[in-house]
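> only the shape, not the letters, is given here:
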Ligand code: AMP
């Protein structure tokens, strides 16, 4: 077992036949005009649901979707998800919108073998994001076994992630969390060398924790995205109108010095793809590392791509978080997609963080060539930094007796 799961049980440890199983999943998928545009999180939840079905559990699934202000925010309904789950599982998924009513207990009692309940968006309940004891007590009232498989939500101390399992004796994690922690632990414990961290995206500030944690473990950092301009500016290079975090320049300078002192490789862009206006979708390649006044860097340039791909080829372990440019615009996606291709050709371990990085790899067409793509953006970064995830920590604590 991965050390990150020490002291935590898994779904295999429980007798599930006829038991009411509360399954917290992360079914927070992007939906446009009622259609799911990326069903990765649904598919990644299937092994645990199928296992519970095979073992004969009475399943009550719960997830949030987006950030609804109230239950009236119908665009955040899990209805499309319930429909897709029914298709993928070949069973009837009953979307139920009042987890606090007595009616749910009656429904659970008469649930048939080919049926499962999916609670409507758990954030429609005002108590969910408040880690509310009262709401948790009601859920615990009908939960016999609690399983958390919502990796992407485990960094949130919300009711269905934290207060509820605190009250249930039989609790643990599902197969997705088990896989995620196992993969992320491999980035921290005896990784094969050379080990490269590729960091991009919009801000240095979001990645400080990860850089601090990985600086003693990796052999080198590849920096791209808007983050790179803060690094280049810190080195006194001209970056034009590119996005720079001026309040992080001193820190970045100090970090570069620490990387040098530890003899870590630091790869920064040596040319760029620049534009005057992101919305135009047009731009040009710079001759060298200089970005002219009035221009903005939106992607890494061709020589940089070559340098980065050569380093990736040599690596045995790679962690990638954050796109190399504004990849959502096709003209600015070449750097990001070239990195995805290089990772797809690497024979070592390639692990991609969730969120925008997962979306970028998905868009590149190389997703199925990665060792692992995390389903959690914030959760994977927080875990790697060594922060405690509330959804995991609670599973190690003593059970709390319901107070009402
Ligand atoms: P993050 O959420 O920090 O991983 O950042 C992802 C976002 O960074 C994406 O939406 C990209 O469009 C954006 N991004 C990447 N490179 C740049 C850049 N050079 N300038 C502005 N935004 C960028």
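On my side now, so go ahead. All of these numbers come straight from a predicted model, not from anything done at the bench.
> and whatever residue of the stretch 151-300 of the chain ends up closest to the ligand, what does it touch?
Using Cβ to the nearest ligand atom, residue 201 is the residue of the stretch 151-300 of the chain that sits closest to the ligand, at 2.6 Å. For the C-beta atoms, the positions are set from N, CA and C on the backbone; glycine is no exception. Applying Cβ atoms under 8 Å, 6 or more residues apart in numbering to residue 201 gives the contacts 207, 225-227, 321-323, 356-357.
> which secondary structure state does it sit in?
Look at residue 201: counting by DSSP: H, G, I helix; E, B strand; the rest coil, its state is coil.
> quick revisit: got a markdown table for the contacts of residue 201, with pLDDT too?
Conversion of the contacts of residue 201 to a markdown table gives the following (pLDDT from 0 to 100):
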| residue | pLDDT |
| --- | --- |
| 207 | 93 |
| 225 | 97 |
| 226 | 97 |
| 227 | 96 |
| 321 | 96 |
| 322 | 96 |
| 323 | 96 |
| 356 | 89 |
| 357 | 91 |
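> restricted to helices, list those residues.
Members of the contacts of residue 201 lying in helices (criterion: DSSP state H): 227, 356-357.
> which residues does the closest residue to residue 364 other than its chain neighbours contact?
Closest residue to residue 364 apart from its sequence neighbours, by Cβ to Cβ, 6 or more residues apart in numbering: residue 340 at 3.6 Å. By Cβ under 8 Å, 6+ apart, the contact list for residue 340 reads 360-361, 364-366.
> which of the residues you listed count as buried?
Taking 16 or more other Cβ atoms under 10 Å as the criterion, what is buried in the contacts of residue 340 is 360-361, 364, 366.
> make a markdown table from those and add secondary structure to it.
Below are these laid out as a markdown table (three-state DSSP):
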| residue | secondary structure |
| --- | --- |
| 360 | helix |
| 361 | helix |
| 364 | helix |
| 366 | coil |
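> still on that earlier bit, if we check the ligand, which of the contacts of residue 201 are in contact?
225-226, 322-323, 356 (Cβ under 6 Å from any ligand atom).
> farthest pair in the residues you listed?
226 and 356 (11.9 Å; Cβ to Cβ).
> including distance to residue 150 and pLDDT, could the buried ones among the contacts of residue 340 go into TSV?
As requested, the buried ones among the contacts of residue 340 are arranged in TSV below (distance: Cβ to Cβ, whole Å; pLDDT from 0 to 100):
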residue	distance to residue 150	pLDDT
360	23	94
361	21	95
364	26	94
366	26	97
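> any idea how far residue 115 is from the residue lying closest to residue 355 once chain neighbours are set aside?
Spatial nearest neighbour of residue 355, excluding adjacent residues (Cβ to Cβ, 6+ apart): residue 377 at 2.5 Å. In this structure, residue 377 and residue 115 are 33 Å apart, going by Cβ to Cβ, to the nearest Å.
> out of these two, which sits in the more crowded spot?
In terms of neighbours (other Cβ atoms under 10 Å), residue 377 is the more surrounded of residue 377 and residue 115; the figures are 21 against 16.
> show me the contacts for the residue in the stretch 1-150 of the chain positioned nearest to the ligand.
The nearest approach of the stretch 1-150 of the chain to the ligand comes at residue 30, 13.7 Å away (Cβ to the nearest ligand atom). Contact analysis of residue 30 by Cβ under 8 Å, 6+ apart lists 36-38.
> of these - the most surrounded one?
residue 36 (17 neighbours).
> that residue and residue 73: what is the separation?
18 Å.
> and if you look at residue 182?
36 Å.
> residue 301 now?
Using Cβ to Cβ, we find residue 301 at a distance of 43 Å from residue 73.
> more neighbours: the two, which one.
residue 301 (24 against 15).
> need the contact list for the more buried one.
269-273, 285-286, 335.
> so how far is stretch 277-295 off the chain centroid?
How far stretch 277-295 lies from its chain's middle: 31 Å, per Cα atoms, centre = their mean, to the nearest Å.
> now do the buried residues in that stretch.
Neighbour-count burial for stretch 277-295 [16+ other Cβ under 10 Å]: 283, 286, 289, 291, 295.
> secondary structure class for residue 293?
coil.
> name the nearest residue to it, ignoring sequence neighbours.
Closest to residue 293 by Cβ to Cβ, 6+ apart is residue 240, at 5.5 Å.
> for the one you found, what are its contacts?
So residue 240 contacts 274, 291-297 (Cβ under 8 Å, 6+ apart).
> 7 Å - rerun?
291-296 (Cβ atoms under 7 Å, 6 or more residues apart in numbering).
> around the ligand, pick out the residues from the stretch 201-350 of the chain.
201-203, 206, 225-226, 243, 297-298, 322-323, 325-326, 328.
> and those residues, which of them are buried?
Looks like these have 201-202, 206, 225-226, 243, 297-298, 322-323, 325-326 buried, using 16+ other Cβ under 10 Å.
> okay, and which of these map to strands?
In this view, those that belong to strands under DSSP state E are 297-298.
> ranges for the strands of the stretch 251-400 of the chain?
In the stretch 251-400 of the chain, the segments counted as strands under DSSP state E, counting those that start in this stretch are 265-267, 272-275, 284-285, 296-300, 317-321, 349-352, 372-373.
> what about the last one, near the ligand?
In other words, strand 372-373. No: against the ligand, strand 372-373 shows no contacts by Cβ under 6 Å from any ligand atom, the least distance being 14.0 Å.
> quick check: mean pLDDT of that strand?
Averaged over strand 372-373, pLDDT sits at 97.
> partner strands of it, parallel or antiparallel?
The pairing partners recorded for strand 372-373 under DSSP bridges are strand 349-352 (parallel).
> check contacts around residue 319.
So residue 319 contacts 187, 197, 351 (Cβ under 7 Å, 6+ apart).
> most surrounded residue in those residues?
Highest neighbour count within those: residue 197, with 26 neighbours (other Cβ under 10 Å).
> thought that one was touching residue 221?
Yes: using Cβ atoms under 7 Å, residue 197 is in contact with residue 221, at 5.2 Å.
> not counting residues beside it along the chain, what's closest to residue 46?
Using Cβ to Cβ, 6+ apart, the nearest residue to residue 46 is residue 88, at 6.2 Å.
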